[in-house]
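Peer 1: below: sequence and its predicted model.
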Amino acid sequence: MKRVVTNIAIASLLLTASAASFAQTNQHVTRAEVRAELEQAHKAGYDPNDWVHYPENVLAQRAKLQAGAKNDDSPTAK
């Protein structure tokens, strides 16, 4: 019985490890892409020095960027 429990535990660990390996992306972000994202964040109003309002600032900045992306995708915005 002890051996069965051990085998089940080992199998579950192996399955968990294999599932975690698939979660990794192979695409690397370049320095230019990171700088472009940071510049977009600054234009949307994000201030990294305002750490007191950290969660609210990030959420507001993301909402502005998503709203801008939706407007760019619309057929009337040209």
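Peer 2: Looks like it arrived, so ask away.

Peer 1: which other residues reach the lowest-mean-pLDDT helix or strand in the chain?
Peer 2: Sorting the helices and strands of the chain by mean pLDDT, DSSP states H and E puts helix 2-22 at the bottom, at a mean of 74. Residues from elsewhere that reach helix 2-22 (Cβ atoms under 8 Å, 6 or more residues apart in numbering): none. Where you see a C-beta, it was placed from the backbone N, CA and C, and this is true even at glycine.

Peer 1: cool, stretch 45-52 as well?
Peer 2: Contacts to stretch 45-52, defined as Cβ under 8 Å, 6+ apart, come from residues N57, V58, A60, Q61, K64.

Peer 1: show the contacting residues for the third one.
Peer 2: Right, A60. Going by Cβ under 8 Å, 6+ apart, A60 touches G45, Y46.

Peer 1: quick one, helices of this protein?
Peer 2: Applying DSSP state H to the chain gives helices spanning 2-22, 31-43, 54-73.

Peer 1: P48: neighbouring residues, count only.
Peer 2: For P48, the neighbour count with other Cβ atoms under 10 Å is 11.

Peer 1: ok, now the one 4 residues further on?
Peer 2: Around V52 there are 7 other residues, counting by other Cβ under 10 Å.
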